[in-house]
Every structure is written in structure tokens, then in C-alpha cells.
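K.L.:
Sequence isn't available, so here's the structure alone:
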């Protein structure tokens with residue numbers, strides 16, 4: 001009888017260790033998932049050989065030129081993923097200001113420019129958050145939406161939105177780059 005109690009005690013200890021490991025893993029997953037949230041549509045077949053353009057990424061934040069930073073990172077990530085025919089819209093069409101009602105018309109003008117240049121696909125979007133959070137740690141936070149547009153029809157063929165925060169020692173551009181890379185992953189990993 002004592003031997004069966006000993007085995008029961010050993011089984012209980014093993015079960016408790018397993019539950020503790022499971023709880024620790026669940027806590028780690030919850031902590032990490034709090035750092036990023038991404039929603040994306042499934043990407044259609046998009047060719048790296050087609051011509052691509054990065055159109056204005058509208059800045060809805062209080063951070064000056066956040067849209068321009070996102071455009072630059074987006075172009076770089078597309079190029080590094082093998083999209084070798086990526087151009088940016090002319091700087092004269094840029095309207096990256098804090099509050100500008102003509103942002104929508106600038107996007108339309110950039111899309112017209114892309115049509116004249118015979119671009120197949122364009123990436124556009126909006127930056128909703130691009131800042132260091134206020135507080136003791138000052139964590140960087142970025143949030144944005146990206147769209148791939150079939151330039152000739154004007155139809156959005158793919159879309160993604162997400163946000164990401166970093167640790168207090170992370171840079172905002174690093175957090176933004178990681179977010180944009182995660183958003184573009186369904187397109188760039190085909």
C-alpha cells in the first residue's frame with residue numbers, strides 16, 4: 001500500500017510540473033502576443049517581375065513624416081525580397097503633413113502617375129501610430145495599414161493592418177520595420 005502511495009505521489013508531482021510548464025508557456029505566449037497584432041487578407045499570386053510602385057502612405061499621427069518613413073521602409077523591404085522593379089511616386093505629390101484635407105487627392109494623383117508609368121501594382125496605406133509611448137519606459141509603438149492596388153483597375157487586391165510595440169531600448173524605426181515586414185510577409189514570401 002505504501003508503494004502505491006509513493007507512485008501516486010510521483011505521478012502527482014510529474015503532473016504538477018507539467019501543468020506549471022504549460023502555464024509558463026501560456027504566460028509567455030500571452031506576453032509576446034501583447035506586443036503585436038496583425039490582420040491580413042490572403043495574398044493573390046503577385047509577380048516579383050511586374051512593375052511596382054510605392055504610393056503615398058498617409059500619416060494620421062502627430063509624428064511628422066511618419067508616412068515618408070513607412071514608404072522608405074516599404075520600398076526597401078520589397079526590393080530586398082526580390083521585387084526589383086519598384087519605384088516611388090514623384091516627391092512633388094507628397095503631402096505628408098499633420099492635418100491636410102488634400103491627402104486623398106494626393107493619393108489619387110499618385111495613382112494617376114502610376115497608370116501613366118504603366119505600373120502593375122502599387123503599395124499604399126496609412127500610418128495610424130508612430131511614436132514612443134509616454135511613461136517610464138517610453139516604449140516605441142507603430143500601427144499601420146497597407147494595401148496592394150491593381151493600378152489599372154484601382155482595385156485593392158490585398159490588405160493588412162497591424163500594430164507592434166517594442167521594449168524600452170528598441171528604436172521606433174526597428175519596430176516600424178518589423179511591423180511592415182510582418183504585414184508584407186504574405187506578399188513577399190510567395
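P.N.:
Noted; the coordinates are in hand. Everything numeric here is computed off the predicted structure, so don't read it as measured data.
K.L.:
contacts and neighbour counts: CA atoms only from here.
P.N.:
Noted.
K.L.:
number of nearby residues for residue 92?
P.N.:
Per other CA atoms under 10 Å, the neighbour tally for residue 92 reads 8.
K.L.:
quick check, it in a strand?
P.N.:
No - secondary structure of residue 92 (DSSP: H, G, I helix; E, B strand; the rest coil): helix, not part of a strand.
K.L.:
Could you tell me how far it is located from residue 106?
P.N.:
10 Å (CA to CA, to the nearest Å).
K.L.:
what's near enough to touch residue 181?
P.N.:
Going by CA atoms under 8 Å, 6 or more residues apart in numbering, residue 181 touches 74, 77.
K.L.:
From the recorded domain assignment, give the ranges for the protein.
P.N.:
Domain assignment of the chain by automatic domain parsing yields the ranges 1-33, 36-188.
K.L.:
Please name the spatially closest residue to residue 163 (chain neighbours excluded).
P.N.:
residue 143 (3.9 Å; CA to CA, 6 or more residues apart in numbering).
K.L.:
any idea which element that neighbour lies in?
P.N.:
Secondary structure from DSSP states H and E places residue 143 in strand 140-150.
K.L.:
For that strand, name the packing helices and strands.
P.N.:
Taking 3 or more CA pairs under 8 Å, 6 or more residues apart in numbering; DSSP states H and E as contact, the helices and strands that strand 140-150 lies on are strand 121-132, strand 155-165, helix 172-188.
K.L.:
Which of these sits closest to residue 139?
P.N.:
Proximity to residue 139 (CA to CA) singles out strand 121-132 among the helices and strands packed on strand 140-150, at 5.4 Å.
K.L.:
between the domains of the chain, which gets the lowest average pLDDT?
P.N.:
Mean pLDDT values for these show the minimum at domain 1-33, a mean of 56.
K.L.:
now the residue nearest to residue 163: how far from residue 165?
P.N.:
Counting by CA to CA, the gap from residue 143 to residue 165 is 9 Å.
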